[in-house]
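Undergrad: just a sequence and a predicted model for now, questions to come.
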Amino acid sequence: DTEVTQTPKHLVMGMTNKKSLKCEQHMGHRAMYWYKQKAKKPPELMFVYSYEKLSINESVPSRFSPECPNSSLLNLHLHALQPEDSALYLCASSHGIIRGGREQFFGPGTRLTVL
Amino acid sequence: QQQVKQSPQSLIVQKGGIPIINCAYENTAFDYFPWYQQFPGKGPALLIAIRPDVSEKKEGRFTISFNKSAKQFSLHIMDSQPGDSATYFCAGIQGAQKLVFGQGTRLTINP
């Protein structure tokens, strides 16, 4: 299995809602990432988990809360989002620097719309 | 220091032509340079990657040329096809996990 899967594909939420994005990989990767991508822009790194521990937080607002329950799963909990948070949210995984695997494999993304 | 500058922003080529996308970086500590291909509504897919101690790498119709002294690298697509129409991102990475992306090139291959 060489895939990163993400659910849901699309999500529409109001500013007072609480929702979660899910990401799963079964490649034995020990580094997992959340990115945000706006239209016609490159992905922007949000968070990095390495061996299930948060290793990078790119000063993301607290209304985004990541969670890594185990080595295969990564969640992004959303609460009190703003319309400007509407974007494609991408999950990626890699072996990580310790195991010498630099390539990041991306999932298909969740298209989030905040009303 | 951390930037990767990518050009052109958009590119239109006839089928069979050789589109060339260029990137320049400033951070000499970057030690791995991947290229990603992204179709509309999809996640980026790793296309090809190179380390700075290699001057050229080919995978199928895709070639990366790397000039370490100039801090520049480029992607060439041989015998381009309409199915190659996508947005291409170059990137640099140093040590740990943070990819620094270029701004992207929207490539259109006309039939």
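TA: Yes, it's here.

Undergrad: surely residue A:113 meets residue A:11?
TA: Yes: contact status for residue A:113 versus residue A:11: in contact at 7.2 Å, counting by Cβ atoms under 8 Å. No exception for glycine: its C-beta is placed from N, CA and C like everyone else's.

Undergrad: so between these two, which is more surrounded?
TA: Neighbours were counted for residue A:113 and for residue A:11 using other Cβ atoms under 10 Å in any protein chain shown; residue A:11 has more, 18 against 13.

Undergrad: for residue B:84, grab the count of nearby residues.
TA: Using other Cβ under 10 Å as the criterion, residue B:84 is surrounded by 18 other residues.

Undergrad: contacts only, for it.
TA: When the contact criterion is Cβ atoms under 8 Å, 6 or more residues apart in numbering or on different chains, the partners of residue B:84 are B:19, B:77, B:107, B:109.

Undergrad: in strands only, show me these.
TA: Helix and strand membership here follows DSSP state E; of those, those in strands are B:77, B:107, B:109.

Undergrad: closest to residue A:88 among those residues?
TA: Ranked by distance to residue A:88 (Cβ to Cβ), those are led by residue B:107 at 19.2 Å.

Undergrad: would you check that that closest one makes contact with residue B:87?
TA: Yes: shown here, residue B:107 and residue B:87 form a contact pair, counting by Cβ under 8 Å, at 7.2 Å.

Undergrad: who's more crowded, those two?
TA: Just comparing residue B:107 and residue B:87: by other Cβ under 10 Å the higher neighbour count belongs to residue B:107, 21 against 18.

Undergrad: tell me the pLDDT at the more buried one?
TA: What the model reports for residue B:107 is a pLDDT of 98.

Undergrad: so what's the residue nearest the centre of chain A up against?
TA: The residue at the geometric middle of chain A, judged as the C-alpha nearest the mean C-alpha position with Cα atoms, centre = their mean, is residue A:34 (2.8 Å). Applying Cβ under 8 Å, 6+ apart, one finds that residue A:34 lies in contact with A:23, A:45-47, A:64, A:66, A:74, A:76, A:89-91.

Undergrad: how about residue A:103?
TA: Residues near residue A:103 by Cβ under 8 Å, 6+ apart: A:94-95, B:34, B:46, B:49.

Undergrad: next, the contact list for residue 80, please.
TA: Chain wasn't specified; assuming chain A. Contacts here follow Cβ under 8 Å, 6+ apart; on that basis residue A:80 touches A:15-16, A:63.

Undergrad: other chain: chain B
TA: Going by Cβ under 8 Å, 6+ apart, residue B:80 touches B:13, B:15-19, B:61, B:109.
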